[in-house]
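Student: sequence plus the predicted model coming up.
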Amino acid sequence: MGDMSNSDFYAKNQRNEDNHASPFGCSLMELRSLMELRGTEAVVKLQEDYGGVEGLCKRLKTSPTEGLAGAQPDLDKRKELYGKNLIPPKKPKTFLQLVWEALQDVTLIILELAALISLGLSFYHPPGERGGGESCGAAAGGVEDEGEADAGWIEGAAILLSVVCVVLVTAFNDWSKEKQFRGLQSRIEQEQKFQVVRGGQVIQLPVADIVVGDIAQVKYGDLLPADGVLIQGNDVKIDESSLTGESDHVKKNADKDPMLLSGTHVMEGSGRMVVTAVGVNSQTGIIFTLLGAGEAEEEKKEKKVKKQDGAAAMEMQPLKSAEGGETDEKERKKVSVPKKEKSVLQGKLTKLAVQIGKAGLLMSAITVIILVLYFAIDNFVMQKRAWLPECTPIYIQYFVKFFIIGVTVLVVAVPEGLPLAVTISLAYSVKKMMKDNNLVRHLDACETMGNATAICSDKTGTLTTNRMTAVQCYVGDVHYKEIPDPGALPPKSLDLLANAIAINSAYTTKILPADKEGGLPKQVGNKTECGLLGLVLDLKRDYQSIRNQLPEEKLYKVYTFNSVRKSMSTVVKLSDGSFRMYSKGASEIVLKKCSHIMNEVGEPRVFRPRDKDDMVKKVIEPMACDGLRTICVAYRDFTGAPEPNWEDENNILSDLTAICVVGIEDPVRPEVPDAIQKCQRAGITVRMVTGDNINTARAIAIKCGIIHPGEDFLCIDGKEFNRRIRNEKGEVEQERIDKVWPKLRVLARSSPTDKHTLVKGIIDSTMVDQRQVVAVTGDGTNDGPALKKADVGFAMGIAGTDVAKEASDIILTDDNFSSIVKAVMWGRNVYDSISKFLQFQLTVNVVAVIVAFTGACITQDSPLKAVQMLWVNLIMDTFASLALATEPPTESLLRRRPYGRNKPLISSTMTKNILGHGVYQLIIIFTLLFVGEQIFDIDSGRNAPLHAPPSEHYTIIFNTFVMMQLFNEINARKIHGERNVFEGIFRNPIFCSIVFGTFAVQIVIVQFGGKPFSCQPLDVEKWMWCVFLGLGELVWGQIIATIPNSKLRFLRRAGQLTQKDELPEEDVNEENEEIDHAERELRRGQILWFRGLNRIQTQIEVVNTFKSGTSFQGAGALRRQSSTTSQNQDVTNVSSPSHIRVVNAFRSSLYEGLEKPDSRSSIHNFMTHPEFRIEDSTPNIPLIDDTDDDSARRRGKYSSQPTSPNKNNNAIDSGINLTIDTSKSAASSSPASPLHSLETSL
C-alpha cells in the first residue's frame, strides 16, 4: 500500500517534470539518485554529470554566493516541482474512531449486554400472566400494576443512555488531548528556523520554507533541515548516526565528500550548502515514507494477532483506562520500548487503578452471588415453590436485575477517572506552561519536574543575560580597567587586534543596530564573539570593511571552536605568499601556547613561564574575580615555502604571540537570584556547571546566591573533579562521586563528559534514601548526552542548538532560569491535583461499593440504582477530575520539600480524610436506609417488588449521597490538612461552574427524572434536609483536621507503592538506550533467580543457626542482625560465612558478562541493600498489594516482577553457572549439610 502511494507520488511528479522540463536543468529523480551516493562516487558523478557544484548551482538557477533572488513565483514553482520541505504528519484519529475505542471498555460492554437483556425481557409478557401471577409467588408481586409493567424497559434504556454519555465524554477528552498535542508539535516545528542566503542577505527562515536551490549556511550545532551539497566548508564534521548508526563523526569537504543529509547533526565547523532535496524526497523523508508504509502493514498483522488473543485479552483486562488498554500497553512495551512513555506517576496510578479494579470485581461478584442465592433459597427452599416454565422469564428478569446491580458496583469501583485526571491535569498544565515560557516536548517531564531535587544549570545565557560586553583589557603591558581610547594603544597592536577579531570569528556573527530607538545594539550569532566585535567598534574600527576585503571563501584554513580545543584559529594567506594565523580562546589555554607578547610599542617580546605566572596573578585572576570571562587574542606567522603541515595541530597551535587579553562581562539576569532562593527554599539544590574558569564561575555563583561567602561548599574545576572521582585506572567510581556531589555547587572548566558524569553520578547515587531527580539545562550540542541522561532536560529556545533541543524534554522559550522555577511549580501542582482527585474519588468508591454491597445483601436491592450509580460515577470521575485537576498553582507549593520517587501516592493525611469522610457518609446513608422512613414519616422503600414505582425513601438516600459528594469535593481541594478549604476557590472558574452545574442537574434529575432515574420528586423540606446533611461534610472535615496524624499510627504507610513499580518498569526504560531486548529478558530472569536465592539464603541461615546449636529464637535474632548489618553494607560480623559466599558467588557469576552494574534497575543494587528491614514500629501495609503472602513477608519492601514462562527459561539459562557456583561454595563450607541436596534439587 505504502509503495503504491509512493510510486504514484513520483509518477505524478515525473509528469509534472515533463511539463516543466524547461525551468531547471535537473529532474527530481536525478537529484534523488545523486543524493544516494556518498564520498568519492558523489564527487565523480558531480563532476561528470553537472560540472561540479558550480555547474549544479547553474542548473538549479541559483548563485553560490548570492543565493536565490527570492521572487514568489520562482519559489512556488520550485515547491511544485521538487516538493515542500515538510513531511506530512500521520492522520489523526477521527472522533468516531475515538468513540469506537472508548466503547472497547470491558465494564461498559458488560453493562451494555446487561441493559440489552433487561430491555428484551421487559417486552416479553409470559402467556397466561394473570393466572400465572399467583403461582410465581413473591416474584411476580409488582407485575400486578399494568402501567408499571410497561415501564420496565426504562431502566435498560437509561443504562444504555448513560453508557453513551460516558463514551462521548471519554472520546471528547481523547480528541481534545490529541488536538492539543498536534498544536504542540506544530508549535515546536515552527520554532525551528535556519539561516539561508537570499538575494545576498542572510535571513532566518522557518524550515518549512526552504526550497531546492536555496543556499543554506550550516554551523556547529545545526540539525540539517534538507539534503544538500557542500559548496564551501571549514572543518565541517557531521554526526550521521541518526541515518547510518555509525557514531564516528564524518569529515565533509567540497572535494572529498560534499554530501550533507537531512536529519544529521553538524558537530564542528561551518560552511555553505546548496539544497538539493527537501521533504519526502530527502534522505530522512524517504525513511519516514517507508516507516509509514511499514506501520500500515504492522497494523494489519496486529489485527490478526488480536483476533486470536481476543478471548485471552478479555480475562487479562481488569480495567481499561482512558489511555487505552493497560495490558495492550504492556504488550506493546515488550515489543519496542519507546523513550520513557510511562512516567512515575502514571505507573503508580495504573497500579493503584488495577488494584482497586480487582477489589471492585471481587465485591461485585460476591454481591451477585449473594443476591441470586438469597432469591433462590427464599423462593424455592423456604416457600417450596416449583420452577414453573411460564415463570422463567420473570425469574430471569430478577437475575438480570441482580446482575445489573453487580455490574454497577463494579462500574463505581473502577476509577476510570484516574488516567483521565492525569491526562487532563498534564494537558492543562502544558497549555498554561506555554505562557510561562516552557514548551513541553514530553508530557511526563512536567510532572517529573515537581519531584526534582537537583538542578544542574549552565551559566551563560541561563543565569546570565548572554549579552557579552568587553569591559577590561590588557594591551601593550597595560591593564585598562575600562575600554581605552584608541589613541592610547600602539597602532600596530590595534591593527593586529582588529584583524584578529574580525577575521577569526564566524562571519555569521554580527552586531546590528538596535530595533527601537535607544535600545541596545542587536547581537547576532555567537555572543562571546559579539562581545569582541563590540570591542573593535569601541576602538573606532569597522570590522565589516575588514571582512569585505577578505571574504569567507578566501580563508585558507579554519580550526573551529570545539569543546576539546577551547580555542578557534583562522589561517589567511598574505599577499607575499606567507601565512598568518589568528587565534583566540580561553586565556589560560591560549597563553600556555604563547612564547611572545606585544609590548607597549607594538613589538613582540619574549614571554617566559615566569611572566605567564605573573600575568595570571596580576591580570587574569583579578579579572576573573570580578566575574569576567577572559579571552586571549594571539597570532603567529608562517613562511610560505615549505608550507606547514596544517593537519599537525599541536605544532601549528604553539609558539604564538599574544596581542591582548580581554575581560568580557556577562551580567547576571536580574530575576535569577530570587529564583534561586525560591529553589533552595523548595528543597532543590542548584549547581552551576560551566566552561568558564573557576574564579569567574565562583564570582557569578556568589552573585546568583548559589553559594554564600563562608559556607562549606565545593567549587572545583573539571581536572580536580576527575582526579577525585576516578581511580588509578582512570575509571569513574560511584563511591568516589558520592564523596563529591553532595557538597559540590560549582563545576568550572567542565567538559561535556564531566557534565554527563556528574548527572549520571547524582542519579545513580544510593547514599540518600530518596533517589535524586535531576534537571539539567543546556544549550550546546555537547550538552546532548547530559540532557538525555537527566530526568528532565531543559534546552534553551533562543541560544540552544537543534541538537540540544532534540535531546531535551522542555524548551525554555526565553532562556531564563526563573522559567525553570515555574516548571517546578506546575509539576508539583500536577502531583497535588492528582492527589486531590484521588482523595475525592476513593471516598466515593469506598462508600458506594459498601452501600451497594450491604444494601444488596440485607434488602435484596441496592439502595442506589444502576442509573443513579452511573450518574454518580460520571460526576465523580469525569467532572471531578476536570474540576480538581485544573486548580491553578500557588506560591505555597514552593515552600515544601520535593516528594521524591517512592513517596506513596496516598499520604497518611489523605488516608485519614478518606476513612473519616467514608465513616460519616456510611453512618448517614445507613441511618436513612434503615430508619429513614420513620424519621421522615414516609413509606419504606425496602423490599420493593420488581417493577415498583420509585419511592421517596430511596430518592432521599440518593439525593443525600450526591449532596455529600458535592460538599466533599470542596473538602478535597486541600490535601495537607489545611483548615480553610475555600481559599482561592474563585480563582478557579472551572471548579465553581462544575460544582454549580452538578447541583443544577441533580435538581432536574430528582424533580423530573422519574422512572428512568428511579426518583420521586421531593418537597422543599426534604431538599433542605438533604443539603443540610451534605453541609455536614464541611463541618466533619474540620473535625477530621483536628485529629493529629500521630494518633493514627496504622495509617502511616497505607498506600505505599512497593518498590516493585519503581524498579523494573521505569528504569528498564531509562537505560534502554544501552540495553537490548535479550538483556532485558535476562534481567527479569535475574530477578526470579534473586527470589530463589533469597529463599536459599534464609535456609542457609536457619541451617547454620541449627548447626551452631542455638535455639530458634537465635535464628530470629541472627536474621535481624544480618539485616541491619547488610543495610550498613559491612557484612562482616554475620555468623554465616557461607551466606556471604553465596551472595558473592552470585554477584560475580551474574555480573561478569553484564554491562552497567551501576544502573538503577540492576540486581546489584538489591544485592548491596537487601531490604530485609524489620520495622516493628510502623508495619508496612501496601495498598491491596498483590504479592504472595510468604514471599512478601520474606522480602519486606521490594517484590519482583511476575514473569511469563519463557522468561523463566531465560532465567535458567543465565543462571546455570550460578547454581554450580553457589553449590560449590555452600557445599565446601559444609559438605554434609542439607543445603547441598537443596542446591542439587534446585
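Tutor: Structure received.

Student: tell me the phi and psi of residue 634?
Tutor: phi -150, psi 170 (degrees, to the nearest 10).

Student: list the contacts of it.
Tutor: Each residue near residue 634 by Cβ atoms under 8 Å, 6 or more residues apart in numbering is listed here: 500, 582, 583, 584, 590, 593, 594, 656, 657, 658, 659. Every C-beta, even on glycine, is put in place using the N, C-alpha and C of the backbone.

Student: cutoff 10 Å now
Tutor: Residues near residue 634 by Cβ atoms under 10 Å, 6 or more residues apart in numbering: 496, 500, 504, 567, 569, 581-585, 587, 590-591, 593-594, 596-598, 653, 656-661.

Student: what does residue 1036 give?
Tutor: 916, 917, 919, 920, 921, 923, 924, 964, 967, 968, 971.

Student: what do you get for residue 817?
Tutor: Residue 817 touches 455, 457-458, 461-464, 668-669, 671-673, 675-676, 679, 686, 704, 777, 794, counting by Cβ under 10 Å, 6+ apart.

Student: 7 Å - rerun?
Tutor: Contacts for residue 817 (Cβ atoms under 7 Å, 6 or more residues apart in numbering) come out as 457, 462, 463, 669, 672, 675.

Student: farthest-separated two in those residues?
Tutor: The most widely separated members of the contacts of residue 817 are 457 and 669, with 11.6 Å between them, by Cβ to Cβ.

Student: higher neighbour count, these two?
Tutor: For the pair residue 457 and residue 669, the greater number of neighbours falls to residue 457 (23 against 19), based on other Cβ atoms under 10 Å.

Student: whichever of the contacts of residue 1036 end up buried, select them in PyMOL.
Tutor: Typed into PyMOL, the line below selects the buried ones among the contacts of residue 1036, using 16 or more other Cβ atoms under 10 Å:
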select buried, resi 916+917+920+921+924+964+967+968+971
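
Student: reformat the contacts of residue 1036 as JSON lines; add distance to residue 1010.
Tutor: Formatted as JSON lines, the contacts of residue 1036 follow (distance: Cβ to Cβ, whole Å):
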{"residue": "916", "distance to residue 1010": "35"}
{"residue": "917", "distance to residue 1010": "31"}
{"residue": "919", "distance to residue 1010": "33"}
{"residue": "920", "distance to residue 1010": "30"}
{"residue": "921", "distance to residue 1010": "26"}
{"residue": "923", "distance to residue 1010": "30"}
{"residue": "924", "distance to residue 1010": "25"}
{"residue": "964", "distance to residue 1010": "23"}
{"residue": "967", "distance to residue 1010": "26"}
{"residue": "968", "distance to residue 1010": "27"}
{"residue": "971", "distance to residue 1010": "32"}
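
Student: need the contacts of residue 1036 in a markdown table (columns: distance to residue 77, pLDDT and secondary structure).
Tutor: Below are the contacts of residue 1036 laid out as a markdown table (distance: Cβ to Cβ, whole Å; pLDDT from 0 to 100; DSSP: H, G, I helix; E, B strand; the rest coil):
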| residue | distance to residue 77 | pLDDT | secondary structure |
| --- | --- | --- | --- |
| 916 | 74 | 91 | helix |
| 917 | 70 | 93 | helix |
| 919 | 77 | 94 | helix |
| 920 | 75 | 93 | helix |
| 921 | 72 | 93 | helix |
| 923 | 79 | 94 | helix |
| 924 | 77 | 93 | helix |
| 964 | 70 | 93 | helix |
| 967 | 68 | 92 | helix |
| 968 | 66 | 90 | helix |
| 971 | 67 | 89 | helix |
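
Student: specify which member of the contacts of residue 1036 is nearest to residue 191.
Tutor: Proximity of the contacts of residue 1036 to residue 191 was ranked by Cβ to Cβ; the top entry is residue 971 with 42.6 Å.

Student: please name the nearest non-neighbouring residue to that closest one.
Tutor: Spatially, and ignoring its direct neighbours in sequence, residue 971 is nearest to residue 1037 (4.3 Å; Cβ to Cβ, 6 or more residues apart in numbering).

Student: now for the one you found, how many residues are close by?
Tutor: There are 21 residues near residue 1037, going by other Cβ under 10 Å.

Student: same question for residue 730.
Tutor: The number of residues packed near residue 730 is 7, by other Cβ under 10 Å.

Student: regarding it, what is its secondary structure?
Tutor: Assigned with DSSP: H, G, I helix; E, B strand; the rest coil, residue 730 falls in the coil class.

Student: again with residue 47
Tutor: Going by three-state DSSP: residue 47 is helix.

Student: just checking, next helix/strand downstream of the helix or strand encompassing residue 392?
Tutor: Using DSSP states H and E, residue 392 sits within helix 392-413. Scanning forward in sequence from helix 392-413 by DSSP H and E, the next helix or strand is helix 417-435.

Student: circling back to that earlier point, okay if I get the contacts of residue 817 as JSON lines plus secondary structure?
Tutor: Shown next, in JSON lines, are these (three-state DSSP):
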{"residue": "457", "secondary structure": "strand"}
{"residue": "462", "secondary structure": "coil"}
{"residue": "463", "secondary structure": "coil"}
{"residue": "669", "secondary structure": "coil"}
{"residue": "672", "secondary structure": "helix"}
{"residue": "675", "secondary structure": "helix"}
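
Student: save the residues you listed as JSON lines, and put in distance to residue 289 too.
Tutor: Formatted as JSON lines, those follow (distance: Cβ to Cβ, whole Å):
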{"residue": "457", "distance to residue 289": "41"}
{"residue": "462", "distance to residue 289": "39"}
{"residue": "463", "distance to residue 289": "44"}
{"residue": "669", "distance to residue 289": "45"}
{"residue": "672", "distance to residue 289": "46"}
{"residue": "675", "distance to residue 289": "45"}
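
Student: what's the closest of those to residue 482?
Tutor: residue 669 (23.0 Å).

Student: contacts only, for the spatially closest residue to the closest one that is not a sequence neighbour.
Tutor: Leaving aside its sequence neighbours, residue 669 sits nearest to residue 465 (Cβ to Cβ, 6+ apart; 5.4 Å). For residue 465, the contacting residues are 666, 667, 669, by Cβ under 7 Å, 6+ apart.

Student: same question, residue 372
Tutor: With Cβ under 7 Å, 6+ apart, residue 372 has these contacts: 399, 402.

Student: before we move on, what SS does it have?
Tutor: Relying on three-state DSSP, one would call residue 372 helix.

Student: please enumerate the strands of the stretch 751-900 of the chain.
Tutor: With DSSP state E, counting those that start in this stretch as the criterion, the stretch 751-900 of the chain has strands at 774-778, 792-796, 810-812.

Student: and residue 490, how far from residue 390?
Tutor: The gap separating residue 490 from residue 390 is 120 Å, by Cβ to Cβ, to the nearest Å.

Student: okay, these two: which has more neighbours?
Tutor: More crowded of residue 490 and residue 390, by other Cβ under 10 Å: residue 490, with 17 against 14.

Student: report the contact partners of the more buried one.
Tutor: Residue 490 touches 476, 600, 601, 602, counting by Cβ under 7 Å, 6+ apart.

Student: and for the closest residue to the first one other than its chain neighbours, the neighbour number?
Tutor: The reference is to residue 476. For residue 476, ignoring the flanking residues on the chain, the nearest one in space by Cβ to Cβ, 6+ apart is residue 600 at 4.3 Å. The tally of other residues near residue 600 (other Cβ under 10 Å) stands at 13.

Student: what about residue 600, is that helix, strand or coil?
Tutor: Going by three-state DSSP: residue 600 is coil.
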